[in-house]
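Asker: can you look at this prediction? I've put the sequence above it.
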Amino acid sequence: MFSKGQLIFALVFFIGFVIAIVVAFMKDKKGNGSYFKGSYKILLFSVFVFFALFAIVKVKHIFFP
(Lines give C-alpha, C1' and ligand atoms only; values in the text may rest on other atoms or scores of the structure.)
Protein backbone atom coordinates (compact mmCIF):
# COMPACT_ATOMS: atom_id res chain seq x y z
CA MET A 1 0.00 0.00 0.00
CA PHE A 2 2.67 2.54 1.03
CA SER A 3 6.36 2.29 0.34
CA LYS A 4 8.88 2.22 3.16
CA GLY A 5 10.04 5.75 2.26
CA GLN A 6 6.49 7.11 2.43
CA LEU A 7 5.94 5.56 5.86
CA ILE A 8 9.23 7.00 7.15
CA PHE A 9 8.32 10.44 5.78
CA ALA A 10 4.87 10.26 7.39
CA LEU A 11 6.36 9.28 10.75
CA VAL A 12 9.00 12.02 10.66
CA PHE A 13 6.41 14.59 9.56
CA PHE A 14 4.01 13.55 12.35
CA ILE A 15 6.71 13.72 15.01
CA GLY A 16 7.88 17.13 13.75
CA PHE A 17 4.32 18.43 13.64
CA VAL A 18 3.59 17.30 17.19
CA ILE A 19 6.82 18.90 18.44
CA ALA A 20 5.96 22.18 16.67
CA ILE A 21 2.44 22.20 18.16
CA VAL A 22 3.77 21.53 21.67
CA VAL A 23 6.39 24.29 21.37
CA ALA A 24 3.79 26.77 20.09
CA PHE A 25 1.41 25.83 22.89
CA MET A 26 4.08 26.28 25.54
CA LYS A 27 4.90 29.76 24.17
CA ASP A 28 1.25 30.81 24.16
CA LYS A 29 0.31 29.15 27.45
CA LYS A 30 1.27 32.18 29.53
CA GLY A 31 -1.04 34.63 27.73
CA ASN A 32 -3.93 32.31 26.95
CA GLY A 33 -5.38 32.43 30.45
CA SER A 34 -6.40 36.05 30.18
CA TYR A 35 -7.79 35.78 26.65
CA PHE A 36 -9.74 32.55 26.94
CA LYS A 37 -11.30 32.59 30.41
CA GLY A 38 -14.41 30.44 30.50
CA SER A 39 -13.76 28.86 27.11
CA TYR A 40 -14.23 25.42 28.67
CA LYS A 41 -17.92 26.29 29.06
CA ILE A 42 -18.26 26.72 25.31
CA LEU A 43 -16.47 23.42 24.73
CA LEU A 44 -18.73 21.59 27.19
CA PHE A 45 -21.83 23.15 25.60
CA SER A 46 -20.67 22.08 22.13
CA VAL A 47 -20.08 18.51 23.31
CA PHE A 48 -23.50 18.49 24.98
CA VAL A 49 -25.21 19.72 21.79
CA PHE A 50 -23.39 17.08 19.72
CA PHE A 51 -24.48 14.26 22.03
CA ALA A 52 -28.02 15.64 22.25
CA LEU A 53 -28.35 15.67 18.46
CA PHE A 54 -26.83 12.19 18.30
CA ALA A 55 -29.37 10.94 20.87
CA ILE A 56 -32.26 12.56 19.01
CA VAL A 57 -31.26 10.84 15.77
CA LYS A 58 -30.83 7.47 17.49
CA VAL A 59 -34.21 7.74 19.25
CA LYS A 60 -35.86 8.76 15.99
CA HIS A 61 -34.42 5.70 14.25
CA ILE A 62 -35.60 3.42 17.07
CA PHE A 63 -39.20 4.66 17.08
CA PHE A 64 -39.54 5.49 13.38
CA PRO A 65 -37.54 2.90 11.42
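Answerer: Yep, it's here. Numbering: from 1, shown residues only.

Asker: for residue 16, which residues are in contact?
Answerer: Applying CB atoms under 8 Å, 6 or more residues apart in numbering, we find residue 16 in contact with no residue. (C-beta placed from N, C-alpha, C; glycine too.)

Asker: from the centroid of this protein, which residue is nearest?
Answerer: The structure's the chain has its C-alpha centroid closest to residue 43; by CA atoms, centre = their mean the separation is 10.8 Å.

Asker: now the helices for the protein?
Answerer: Per DSSP state H, the chain carries helices over the ranges 4-35, 39-63.

Asker: residue 19: neighbouring residues, count only.
Answerer: Neighbourhood size, residue 19 [other CB atoms under 10 Å]: 10.

Asker: contacts only, for it.
Answerer: Counting by CB under 8 Å, 6+ apart, there are no residues that residue 19 touches.

Asker: burial count for residue 62?
Answerer: 8.

Asker: before we move on, what about residue 44?
Answerer: 10.

Asker: pLDDT score for it?
Answerer: If you check residue 44, the pLDDT there is 95.

Asker: which ones are touching it?
Answerer: Contact criterion CB under 8 Å, 6+ apart gives no residues in contact with residue 44.

Asker: for it, give its distance to residue 38.
Answerer: 10 Å (CB to CB, to the nearest Å).
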